[in-house]
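In: Next input, structure requested:
(one chain, ligands or ions: 1)
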Amino acid sequence: MNDAAPHTLLDYLLKATDYFKSRDVESPRLCAELLLAHLLDTTRIDIYLRFEEPLSAATIDAYRELIRRRGKHEPVAYIIGKREFYGRDFLVNKDVLIPRPETEHLVEAGLAGMGDNHSARVLDVGTGSGILACTFLAEREGWSAVALDISEQALAVASENATQLNVTDRIDLRQSDLCAALDEKEKFNLIVSNPPYIRKDEWDLLPHDVSDYEPRLALYGGEGGLEVLRPLLAQATRHLETGGLFLCEIGEEQGEAVSELARESGYTSISLENDYAGKPRMLRVGL
Ligand SMILES: C[S@@+](CC[C@H](N)C(=O)[O-])C[C@H]1O[C@@H](n2cnc3c(N)ncnc32)[C@H](O)[C@@H]1O
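Out: Below is the predicted model of the structure:
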């Protein structure tokens with residue numbers, strides 16, 4: 001940063017970036033750009049075309065406040081209230097997990113796995129912001145979904161996202177401890193879940209951006225990380241159609257343990273799939 005007082009948009013971007021670096025904020029320049037783009041109601045690309053523009057006093061004050069929050073490691077997605085998932089913006093707040101890019105793998109596998117089934121019934125267990133259920137419905141207009149979450153606050157966010165994506169008439173949101181709110185006879189062609197699976201020892205190593213801000217209920221899987229996965233695998237067998245597909249995100253070291261749990265629960269064709277980084281992060285099972 002040069003010594004002259006900041007004046008242009010670029011000056012403030014550089015200043016924010018330096019501040020984030022001093023606070024050990026990850027991807028400092030990207031954060032500075034995302035927050036400014038949000039304030040100016042524009043895109044990051046547009047910012048690059050406007051480097052020499054001055055910022056108004058009101059924008060400077062508002063930008064300072066957002067920078068202060070990010071400097072305390074509050075995630076950008078919570079500050080700006082949204083995160084992109086599979087090409088669509090989803091509303092997020094502190095009551096829901098911030099969508100992760102690796103979870104898009106479940107969408108791709110689910111869409112491919114259902115092939116030309118034009119009326120698939122989907123079950124999303126632990127829907128959070130609703131990204132999985134809503135994305136399937138937005139991608140396939142003949143599909144319907146039941147989306148479950150134990151958190152009423154998370155379901156409120158999922159409901160807003162369903163409205164935003166125009167899928168409310170095809171989604172049934174229910175508060176439920178795992179599959180408890182399902183009728184014994186309810187069956188699905190596709191079951192998906194990204195359950196909490198962080199182990200106790202991993203929890204202590206999480207970055208502050210995650211452990212201080214994202215809901216523990218969404219992440220923590222108990223001492224060994226399997227406290228939600230174990231009953232989930234057992235319960236989901238009762239609701240999967242014969243010939244159906246159950247896809248579940250798992251921790252990178254859980255492949256062996258969850259494959260064994262899947263065998264014990266009576267699933268067939270059990271396999272693990274790697275994420276884009278080559279780590280086994282998805283369990284794929286059938287019945
Ligand atoms: C890792 S988050 C996933 C959210 C969303 N599906 C996603 O992929 O971003 C796990 C979700 O499971 C929910 N959850 C935790 N325990 C649960 C339980 N026993 N029954 C139902 N939902 C549960 C949490 O509230 C949270 O929304």
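
In: contacts and neighbour counts: CA atoms only from here.
Out: Fine.

In: Find the residue at the geometric middle of the chain.
Out: Central residue of the chain (C-alpha atoms, centre = their mean): residue 99, 1.8 Å from the mean position.

In: how about that one, secondary structure?
Out: At residue 99 the chain is in coil, as set by DSSP: H, G, I helix; E, B strand; the rest coil.

In: Check whether it really touches residue 88, as I assumed.
Out: No - if you go by C-alpha atoms under 8 Å, residue 99 and residue 88 don't touch, sitting 11.2 Å apart.

In: On the three-state scheme, residue 141 is what?
Out: Here residue 141 is coil, with the state taken from three-state DSSP.

In: okay, it: pLDDT?
Out: The confidence metric pLDDT takes the value 97 at residue 141.

In: next one: the one 3 residues further on
Out: On pLDDT, residue 144 comes in at 98.

In: Report the separation between it and residue 32.
Out: In this view, residue 144 and residue 32 are 39 Å apart by C-alpha to C-alpha, to the nearest Å.

In: go on, residue 74?
Out: Counting by C-alpha to C-alpha, the gap from residue 74 to residue 32 is 13 Å.

In: the more surrounded of those two?
Out: In terms of neighbours (other C-alpha atoms under 10 Å), residue 32 is the more surrounded of residue 74 and residue 32; the figures are 25 against 21.

In: pretty sure that one is in a helix, no?
Out: Yes - counting by three-state DSSP, one finds residue 32 located in a helix.

In: Which residues are in contact with residue 62?
Out: residue 39 (C-alpha atoms under 8 Å, 6 or more residues apart in numbering).

In: switch to 10 Å and redo it
Out: Contacts for residue 62 (C-alpha atoms under 10 Å, 6 or more residues apart in numbering) come out as 35-36, 39, 56, 68.

In: Tell me the most packed of these, by neighbour count.
Out: residue 36 (25 neighbours).

In: Can you classify residue 10 by secondary structure?
Out: helix.

In: Now it: closest residue in space, sequence neighbours ignored.
Out: residue 51 (4.7 Å; C-alpha to C-alpha, 6 or more residues apart in numbering).

In: was I right about the one you found contacting residue 37?
Out: No - using C-alpha atoms under 10 Å, residue 51 is not in contact with residue 37; the gap is 11.8 Å.

In: Show me which of those two is the more surrounded one.
Out: The residue with more neighbours, out of residue 51 and residue 37, is residue 37; 17 against 14, by other C-alpha under 10 Å.

In: Could you name every residue contacting both of residue 99 and residue 88?
Out: By C-alpha under 10 Å, 6+ apart, the residues touching both residue 99 and residue 88 are 82, 131.

In: Tell me, how many residues neighbour the closest residue to residue 286 other than its chain neighbours?
Out: Closest residue in space to residue 286, ignoring its immediate chain neighbours: residue 245 at 4.8 Å, by C-alpha to C-alpha, 6+ apart. Here the number of neighbours of residue 245 (other C-alpha under 10 Å) works out to 24.

In: Checking my notes, residue 245 in a strand, right?
Out: Yes - counting by three-state DSSP, residue 245 is located in a strand.

In: In the sheet, which residues pair with it? Tell me.
Out: Beta-bridge pairing of residue 245, defined through DSSP bridges, involves residue 190, residue 286.

In: correct me, but it touches residue 287?
Out: Yes - at 7.4 Å, residue 245 counts as touching residue 287 under the criterion of C-alpha under 10 Å.

In: so what's in contact with these two at the same time?
Out: 267, 269.

In: does the residue nearest to residue 10 count as helix, strand or coil?
Out: Quick answer, by three-state DSSP: residue 51 is coil.

In: what sits against it?
Out: Residue 51 neighbours (C-alpha under 10 Å, 6+ apart): 8-13.

In: can you rerun that using 8 Å?
Out: Per C-alpha under 8 Å, 6+ apart, neighbours of residue 51: 8-10.

In: What values do phi and psi take at the residue nearest to the centre of the chain?
Out: phi -50, psi 140 (degrees, to the nearest 10).

In: so who does it touch?
Out: Listed by C-alpha under 8 Å, 6+ apart, the contact set of residue 99 reads 83-85, 129, 131.
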